[in-house]
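Participant: I'd like to go over a predicted model; first the sequence, then the structure.
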Amino acid sequence: MTVRAESLVHRYGDSVAVDDVTLEIPDGEFVLLAGANGSGKTTLVRHFNGLLEPDAGEVFVDGLSVPENPVAARTAVGMVFQDPRDQFVAATVGADVAFGPENLGLPREEIDKRVRDALDAVNLSGEADARVDELSGGERERAAVAGALAMRPTHLVLDEPFTGLDAPAREAVLDRLESLSESGTSVVVVTHDVRDVLELADRVVVMAGGSVVVDGTPDRTVGELAAHDVRAPCRPFPDR
Ligand SMILES: Nc1ncnc2c1ncn2[C@@H]1O[C@H](COP(=O)(O)OP(=O)(O)OP(=O)(O)O)[C@@H](O)[C@H]1O
């Protein structure tokens with residue numbers, strides 16, 4: 001199954017933020033969605049779980065039209081936003097991560113297991129009782145990732161997930177994303193800096209002015225990234 005945008009257009013007033021984008025992301029693919037500030041990345045991914053409605057074109061998740069099936073889309077597509085403070089709904093990390101699975105009506109045992117696994121995955125296992133408003137920026141980001149993981153989505157979208165993460169935290173999140181994609185979850189990481197993650201990706205999609213201007217494997221696209229204001233590795237990219 002896939003996430004698919006077909007001739008998608010999104011306008012804010014008179015300005016076009018997503019301009020006729022057609023894109024398909026199969027299960028298990030690890031995609032970097034890159035591009036300069038304002039190129040339309042966030043607007044595009046907000047269509048994947050029905051947070052925005054298309055002005056033209058269509059978006060499908062696992063074959064279902066997103067605007068017609070917003071609840072199914074929100075369950076299938078996990079999102080971690082740029083500023084996770086907006087995303088917390090409970091006072092403590094553990095309660096916040098449990099919130100989504102609780103709303104799915106899962107048994108307590110299953111909820112507790114999901115919370116434990118999700119916190120482990122982002123190196124926050126000791127922080128279940130920590131207050132979300134007392135977390136550092138990096139801990140907040142990881143708690144938000146844990147909240148998305150606990151929903152076991154089939155597609156996961158993370159908007160600039162590495163901002164404020166130190167190297168061990170970034171490694172922990174990256175390892176988890178890699179293993180998720182290997183086990184069939186599609187992972188879309190929105191970023192304008194692909195330096196640390198390029199080699200992990202299956203595919204790099206670059207947006208400029210609302211359009212997709214580059215789409216290919218990391219080794220084929222690395223030479224084109226700088227021209228689109230994407231921070232790319234300066235060392236030669238190894239053969240794959
Ligand atoms: N809520 C909004 N109202 C009006 N214009 C908006 C809104 N959100 C985004 N835009 C505009 O739409 C365009 C695309 O923005 P978007 O946030 O999708 O780009 P982005 O590539 O994610 O940028 P960044 O890397 O800065 O997050 C920009 O010109 C932006 O100013």
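Facilitator: Here it is on my side, so go on.

Participant: Run through the residues of the chain sitting next to the ligand.
Facilitator: Neighbours of the ligand within the chain, by Cβ under 6 Å from any ligand atom: 12, 17, 35, 37-43, 192. (Glycine included, C-beta is placed from N, CA and C.)

Participant: buried subset of those?
Facilitator: Taking 16 or more other Cβ atoms under 10 Å as the criterion, what is buried in these is 17, 35, 39-43, 192.

Participant: for the helix or strand of the chain with the lowest mean pLDDT, the distance to its chain's centre please.
Facilitator: Here the helix or strand of the chain ranked lowest by mean pLDDT, DSSP states H and E is helix 167-182, holding a mean of 86. Going by Cα atoms, centre = their mean, to the nearest Å, the spacing between the C-alpha centre of helix 167-182 and its chain's C-alpha centre is 13 Å.

Participant: Show me what counts as buried in it.
Facilitator: Of the residues in helix 167-182, 169-170, 172-174, 176-177, 180-181 count as buried by neighbour count, 16+ other Cβ under 10 Å.

Participant: Arrange these in CSV, one row each, with distance to Ala121 as further columns.
Facilitator: Formatted as CSV, those follow (distance: Cβ to Cβ, whole Å):
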residue, distance to Ala121
Ala169, 12
Arg170, 14
Ala172, 7
Val173, 8
Leu174, 11
Arg176, 4
Leu177, 10
Leu180, 9
Ser181, 13
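
Participant: picking up where we left off before, so what strands line up beside the helix or strand following the least confident helix or strand of the chain?
Facilitator: Next in sequence after helix 167-182, counting helices and strands by DSSP states H and E, comes strand 186-190. When pairing is defined by DSSP bridges, strand 186-190 lines up against strand 30-35 (parallel), strand 155-159 (parallel).

Participant: Taking helix 167-182 as reference, get the angle to the last one.
Facilitator: I take that to be strand 155-159. With axes from the mean of the first three to the mean of the last three Cα atoms, to 10 degrees defining the directions, strand 155-159 sits at 150 degrees from helix 167-182.

Participant: Next: the longest one.
Facilitator: Orientation of strand 30-35 against helix 167-182 (the same axes, to 10 degrees) gives an angle of 120 degrees.

Participant: show me where the protein has helices.
Facilitator: With DSSP state H, the ranges of helices along the chain come out as 41-46, 70-76, 93-103, 108-121, 137-149, 167-182, 218-225.

Participant: and for the longest one, what are the contacting residues?
Facilitator: Looking back up the chat, that one is helix 167-182. Residues from elsewhere that reach helix 167-182 (Cβ atoms under 8 Å, 6 or more residues apart in numbering): 28-30, 121-123, 138, 141-142, 145, 149, 156, 158, 161-162, 165, 187, 189, 196-197, 200, 202.

Participant: just the buried members of these?
Facilitator: Applying 16+ other Cβ under 10 Å to those flags 29-30, 121-123, 138, 141-142, 145, 149, 156, 158, 161-162, 165, 187, 189, 196-197, 200, 202 as buried.

Participant: re earlier: among the residues of the chain next to the ligand, which one lies nearest to Leu64?
Facilitator: Taking Cβ to Cβ as the measure, Leu64 sits nearest to Thr43 out of the residues of the chain next to the ligand, at 20.9 Å.

Participant: Any stretches of the chain with poor pLDDT?
Facilitator: Applying pLDDT under 70 to the chain flags residues 84, 234-240.

Participant: Recalculate using a threshold of 80.
Facilitator: By pLDDT under 80, the low-scoring segments of the chain are 1, 82-87, 163-164, 196, 232-240.

Participant: wait, which of the strands paired with strand 186-190 is closest to Gly50?
Facilitator: strand 155-159 (12.3 Å).

Participant: just the CA coordinates of the closest one, formatted as CSV?
Facilitator: C-alpha atoms of strand 155-159 as CSV (Å, rounded to 0.1, in the frame of the first residue of the first chain):
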residue,chain,number,x,y,z
HIS,A,155,3.4,5.5,7.3
LEU,A,156,5.4,7.9,9.4
VAL,A,157,6.1,11.5,8.6
LEU,A,158,8.5,13.5,10.6
ASP,A,159,9.0,17.3,9.9
